[in-house]
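Trainee: sequence plus predicted model, see below.
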Amino acid sequence: MIINNISNISSNALCTACGACAGICPSNAIEIVTNTAGYLAAVINTKLCIDCGKCAKICPSNPENKPSIETDDIFHGVCLAGYVGCASDNIIRQRSQSGGIVTALLCYLFEQKEIEGAIVNNLNPETKRPQAVFASSMSEIIEASGSYYAQSSVVKTILEHSDKKSAAVVLGCQAESLQLIREKYPNINLPTYTIGLVCAGQYSGDMIDDLIEQSGCDGEKISEFRFRDKRVGWPGDVHVKTPSGDYWLPKERRHSLKQVYELHRCMVCYDQMNIFCDIVCGDPWGISHKQNPEGYTVVIARTTKGKKILESAAKDGAVILEELSPEDILRGQTVDGRHKTKFYNARDIFREHKWLFPYPDDDFNNIPYASVENKIKMQGELNERLIYTRDLYLTPDREEYLRKIILKKKELQGNILRHLKEKIKRFGRVILR
Ligand SMILES: Cc1cc2nc3c(=O)[nH]c(=O)nc-3n(C[C@H](O)[C@H](O)[C@H](O)COP(=O)(O)OP(=O)(O)OC[C@H]3O[C@@H](n4cnc5c(N)ncnc54)[C@H](O)[C@@H]3O)c2cc1C
């Protein structure tokens, strides 16, 4: 299928809403809207569209696009060095998601006058959704620390600030759009530094409303929302702050909503490890000596520029870094086991359903992946999840959408109960944590 604009991407539930298309469109014909199912999606106003095809050329879900990279293993990417560490500044570390390395690096670049500001995300208290903003002071950068696991149109904001010397914090899909823009439109000024986040998937913004409601404070003005607040110790619980008080939800409640609100496109993304950025940062999963309540960040330097800035930030005392092999980081993120298996299974399922697959068809043929046993174990469940998320994304009616959400929650609760009963049958008792 030849794709001339991004309308086929949204109609196949493949839009991540990175916003590259809206930012590059010369006739302002593309808008990122919230669809009936609460997902952000790019929509074309056909009256304004001049058929230039620019949007299709830089969309990371267009199967005709293949950004170049100097590595054969696109699941790992180029790994120049690996580290685990934290921000030296305690305030930055405490506010941050993991160890605060991302925020500390942005502040360091700002202090060194390497950048005029940074593209980061904060919460819009009116919409209760994350929004990408250009932060032009240290305090704005620090205020925007922490992760929002819901969609945000980061590349659109980057393109709106292309006159500035900046650094940007990006997910894999966003870094991929930037690489496509770099290759196809080299005259566009892009951020000098891209700090990537490891990403196993985004959710619709409706997950935030659901968590706020479950916290017991629906309807109140929200001054802060954190998917994972470390004040109770890393990895953190859901925290909603309002003028009248603080509301907390245990992390298990957030986990129980993942399969309700997950984004279809993210389930068929190979780029968990964000291979197109200068530096990628993530949680220290699987790094046993860093499972600490104060939090650490794992880091892989992907470019020479990224490695240099990490080394000088460590030398000047902005961050504390300990070397850690990239292999350990990749193992901790279960890239070769769980992630690759999920990706290849999803590819098979896309083929079976004849859905538009977001990458060139024969890509990924020569990369070895996990055992057949793993594959069989995962395929049934993944098929159901993919069918549900695609159907949900494309639901035309809000009431129908709400019915689907309620049904899904019941089904998942039923699964948990069945699981517990099976365990009790096998082991005699279950210890609930
Ligand atoms: C959608 C999503 C999925 C993730 N999945 C994983 C995962 O599977 N495994 C893992 O190890 N880590 C994952 N992370 C990364 C992790 O949550 C931390 O961001 C990372 O460990 C860096 O921690 P830090 O303390 O150094 O970052 P901080 O110093 O807290 O800085 C985080 C920066 O990210 C920016 N940001 C927040 N939300 C977004 C967003 N949606 N898009 C772009 N920028 C944003 C903030 O504005 C801030 O500048 C994910 C993050 C996101 C946003």
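Mentor: Sure thing, it's come through.
Trainee: what ranges do the strands span in the stretch 301-433 of the chain?
Mentor: Listed in chain order, the strands of the stretch 301-433 of the chain (DSSP state E, counting those that start in this stretch) span 319-323.
Trainee: those helices in it, which residues are they?
Mentor: Taking DSSP state H, counting those that start in this stretch as the criterion, the stretch 301-433 of the chain contains helices spanning 304-315, 326-332, 340-353, 372-393, 398-427.
Trainee: dump these to TSV, plus mean neighbour count.
Mentor: In this view, the C-beta of every residue, glycine as well, is placed from N, C-alpha and C. Compiled in TSV, these are given as follows (neighbours: other C-beta atoms under 10 Å):
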stretch	mean neighbour count
helix 304-315	17
helix 326-332	19
helix 340-353	19
helix 372-393	16
helix 398-427	12
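Trainee: looking at those, which is nearest to the ligand?
Mentor: In terms of C-beta to the nearest ligand atom, the element of the helices of the stretch 301-433 of the chain nearest to the ligand is helix 326-332, at 8.1 Å.
Trainee: do that closest one and the ligand come into contact?
Mentor: No. Using C-beta under 6 Å from any ligand atom, helix 326-332 stays clear of the ligand, with a minimum separation of 8.1 Å.
Trainee: what does that helix contact?
Mentor: Contacts to helix 326-332, defined as C-beta atoms under 8 Å, 6 or more residues apart in numbering, come from residues 76, 79, 81-82, 84, 273, 282, 284-287, 298, 300, 336.
Trainee: if you set the cut-off to 7 Å instead, what comes out?
Mentor: 76, 79, 82, 273, 284-287, 298, 300 (C-beta atoms under 7 Å, 6 or more residues apart in numbering).
Trainee: what's the closest non-adjacent residue to residue 108?
Mentor: Among residues not flanking residue 108 along the chain, residue 318 sits closest, at 4.0 Å (C-beta to C-beta, 6 or more residues apart in numbering).
Trainee: closest one to residue 20 out of the contacts of helix 326-332, please.
Mentor: residue 273 (20.3 Å; C-beta to C-beta).
Trainee: spatially, which residue comes closest to the closest one, not counting chain neighbours?
Mentor: Nearest to residue 273 is residue 77, by C-beta to C-beta, 6+ apart, at 5.6 Å.
Trainee: where does this protein come near the ligand, residue by residue?
Mentor: With C-beta under 6 Å from any ligand atom as the criterion, the chain meets the ligand at residues 96-103, 120-121, 130, 144-149, 152, 154, 169-171, 197-200, 202, 281-283, 285, 297, 333.
Trainee: among those, which are in helices?
Mentor: Judged by DSSP state H, the subset of these located in helices is 101-103, 154.
Trainee: dump these into a markdown table; add neighbour count as well.
Mentor: A markdown table is the format used below for these (neighbours: other C-beta under 10 Å):
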| residue | neighbour count |
| --- | --- |
| 101 | 32 |
| 102 | 31 |
| 103 | 30 |
| 154 | 30 |
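Trainee: below-threshold pLDDT in this structure: ranges please.
Mentor: Low-confidence segments of the chain (pLDDT under 70): 1, 368-378, 429-433.
Trainee: so how far is residue 400 from the residue nearest the centre of it?
Mentor: Geometric centre of the chain, nearest residue: residue 199, 4.3 Å, by C-alpha atoms, centre = their mean. Look at residue 199 and residue 400: by C-beta to C-beta, to the nearest Å, they are 29 Å apart.
Trainee: now the helices for the stretch 1-150 of the chain?
Mentor: For the stretch 1-150 of the chain, the helices defined by DSSP H, counting those that start in this stretch cover 7-11, 20-24, 54-57, 90-95, 101-111, 138-143.
Trainee: so which of those comes closest to residue 227?
Mentor: Here helix 90-95 is closest among the helices of the stretch 1-150 of the chain (C-beta to C-beta), at 13.9 Å.
Trainee: which secondary structure elements does that closest one contact?
Mentor: helix 101-111 (3 or more C-beta pairs under 7 Å, 6 or more residues apart in numbering; DSSP states H and E).
Trainee: give me the contacts around the helix it packs on.
Mentor: By C-beta under 7 Å, 6+ apart, helix 101-111 touches 85-89, 92, 96, 115, 118, 138, 141-142, 145, 167, 169, 193, 195, 281, 297, 299, 309, 313, 318-319.
Trainee: now the stretch 201-350 of the chain against the ligand: closest residue?
Mentor: Nearest to the ligand in the stretch 201-350 of the chain, going by C-beta to the nearest ligand atom, is residue 282, at a distance of 3.0 Å.
Trainee: what sits against the residue nearest to residue 273?
Mentor: 71, 273, 275, 302.
Trainee: burial count for residue 144?
Mentor: Residues lying near residue 144 (other C-beta atoms under 10 Å) number 24.
Trainee: swap that for residue 192, sorry
Mentor: Residue 192: 17 surrounding residues under other C-beta under 10 Å.
Trainee: can I assume it is in contact with residue 115?
Mentor: Yes. Contact criterion C-beta atoms under 7 Å: residue 192 and residue 115 qualify, at 6.3 Å.
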